[in-house]
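Q: have a look at this prediction, sequence included:
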Amino acid sequence: MSEQLQSAQRQTAALNNPKVRMFLGQIVLAGVLFYGLYSAFANMSSNLAEQRIASGFGFLAHPAGFGIAQALIPWSEAMTYARAYLVGLLNTLLVSLVAIFFSTILGFFVGIIRLTPNWTLSQLAKWYVEIVRNLPLLFQILFWYLAVLATMPAPRSAISILDVAFISQRGIALPRLVYGDGAGIWLTALVLAVGCLFLYRRWSKAHQPRLKRGWFLPYAAVATVLGAWLIIDSPFSFAIPKQERFNLTGGLTILPEFAALLIALTVYSSAFIGEIVRAGIQAVPKGQVEAGRALGIGNSLLLRFIVIPQAMRIIIPLLTSQYLNIIKNSSLGVTIGYPELVSVGGTMLNQTGQAIEVVGMWMMTYLTISLATSLFMNWYNTRMALVER
């Protein structure tokens, strides 16, 4: 009887051990998760078999048979679905990166103006933020596309900007950069010059007492670029758009769908970035600002070299979330017909019926882009972080 009692006591003690209970709980949770995934997969396989839909990614090698309005790489209807998906991915990356660039600049401007002593500018920035961020992004996209760009005049009556750019219902026509025969040589010289300047900067930080010895590097870099330009005789030129009777020819045409989506993403995201910048600046200790003013540093230099560098350590983590939102919100371009990832993938889904494969490709693509963005921003945040001494 005593042995049975001791065995029961040992079992009770084992069950009361937090590590044992945690291990048993994880086993139960893993079993439930595995059963759920198995049930979902079995149900999916049964439904596909009943509807006689073949699974797999073999359809990506078939001809797409549909056109895409904007393509950064050569595209024709005879090319494959895989090529079409790549075109949509590049369009998504293009509008996302450009929107991130402009929204960051506009957001920093709004955040700094929000804190200016000028009451008028401060209130304008305040109401800009309050109005823009409280309006749905989808509404703003439709507003810029239907209420602004769609009301532009026809191409023959396009709005001219110094006769080098035109705005019409068909988009924005801008000068297009044309590469000459020696453009590659000049670009190589430019890369070498930038590399020299980068090395000079790193060297100058490590050898401040001997800084005068390397004075020739910046001048040599600039002379290399200018010399290559003069020798090659202007390797670049511009193709200016021309206004014809019924259309605009030449130059680079920005689709109204791209312009509307870009403007909406930039304006909407800049309002949130402006608040992030304002909060980051206000989080800098006032003693830092007072010490800078006591040294006679002007407001612009104080903001540039003291306030902003310290505020960036607070701003960067929050900026990461906004950049991810811009990338994901670019999928709303499907509502106005911009050929981004979701729009092109939706056409593929409708033609092939491969819903599971296309949705899986969407998930993996956005997950990969988001993780890459997060890794880059975390790396940059680490470089900007304060080093303990």
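A: Received, thanks. Residues are numbered from 1 along each chain as shown.
Q: relative to residue 89, how far out is the nearest residue to residue 149 once chain neighbours are set aside?
A: Computed as C-beta to C-beta, 6 or more residues apart in numbering, the closest residue to residue 149 that is not its neighbour in sequence is residue 256, at 4.3 Å. For every residue, glycine as well, the C-beta is placed using N, CA and C. Here residue 256 is placed at a distance of 22 Å from residue 89 (C-beta to C-beta, to the nearest Å).
Q: please say which of these two ends up with more neighbours.
A: When residue 256 and residue 89 are compared for neighbours, residue 256 comes out ahead with 23 against 18, by other C-beta atoms under 10 Å.
Q: thought residue 167 was touching the more buried one, still the case?
A: No - assessed by C-beta atoms under 8 Å, residue 256 is found out of contact with residue 167, at 9.5 Å.
Q: so what sits against both of these two?
A: Overlap between the neighbourhoods of residue 256 and residue 167 consists of residue 152, taking contacts as C-beta atoms under 8 Å, 6 or more residues apart in numbering.
Q: surely residue 342 is in a strand?
A: No - according to DSSP: H, G, I helix; E, B strand; the rest coil, residue 342 belongs to no strand; its state is helix.
Q: please name the residues that touch the residue nearest to residue 149.
A: Counting by C-beta under 8 Å, 6+ apart, residue 256 touches 145, 149, 150, 152, 169, 170, 171, 172.
Q: need the helices for the stretch 151-300 of the chain, in chain order.
A: Using DSSP state H, counting those that start in this stretch, the helices of the stretch 151-300 of the chain run over 183-206, 216-232, 256-282, 286-294, 299-302.
Q: that older thread, and the residue nearest to residue 149, how close does it get to residue 278?
A: Residue 256 is 33 Å from residue 278, where distance means C-beta to C-beta.
Q: before we move on, the earlier item: could you identify which of the helices of the stretch 151-300 of the chain has the lowest mean pLDDT?
A: Among these, helix 216-232 carries the lowest mean pLDDT, a mean of 62.
Q: residue ranges in this structure under the pLDDT threshold?
A: Residues of the chain meeting the criterion pLDDT under 70: 1-17, 20, 41, 44-45, 47-55, 180-184, 186, 200-236, 386-389.
Q: which ones are touching residue 378?
A: Applying C-beta under 8 Å, 6+ apart, the residues contacting residue 378 are residue 320.
Q: quickly note the distance from it to residue 316.
A: Distance of residue 378 to residue 316, computed by C-beta to C-beta: 9 Å.
Q: quick one: end-to-end length of stretch 293-305, please.
A: Between the opening and closing residues of stretch 293-305 we find a distance of 12 Å, counting by C-alpha to C-alpha, to the nearest Å.
Q: so residue 171 makes contact with residue 255?
A: Yes - between residue 171 and residue 255 there is a contact under C-beta under 8 Å: 5.0 Å.
Q: from memory residue 293 sits against residue 302, does it?
A: Yes - here residue 293 reaches residue 302: they are 6.8 Å apart, a contact under C-beta under 8 Å.
Q: between those two, which one's more packed in?
A: Between residue 293 and residue 302, residue 302 has the larger neighbour count (other C-beta under 10 Å), namely 17 against 13.
Q: which residues does that one contact?
A: The neighbourhood of residue 302, defined by C-beta under 8 Å, 6+ apart, consists of 289, 292, 293.
Q: now swap in residue 66 and tell me
A: Contact partners of residue 66, counting by C-beta under 8 Å, 6+ apart, are 77, 84, 347, 351.
Q: count of neighbours near the first one?
A: So that's residue 77. Residue 77 sits with 11 neighbouring residues when counted by other C-beta under 10 Å.
Q: one more: the last one?
A: Burial of residue 351 is recorded as 14 neighbouring residues (other C-beta under 10 Å).
Q: equivalent analysis for the second one, please.
A: Counted with other C-beta under 10 Å, the neighbours of residue 84 add up to 25.
Q: quick one: it and residue 348 touch, right?
A: Yes - using C-beta under 8 Å as the test, residue 84 is close enough to residue 348 to be in contact (6.5 Å).
Q: which neighbours do those two have in common?
A: With the criterion set as C-beta under 8 Å, 6+ apart, the overlap between the contacts of residue 84 and residue 348 is residue 64.
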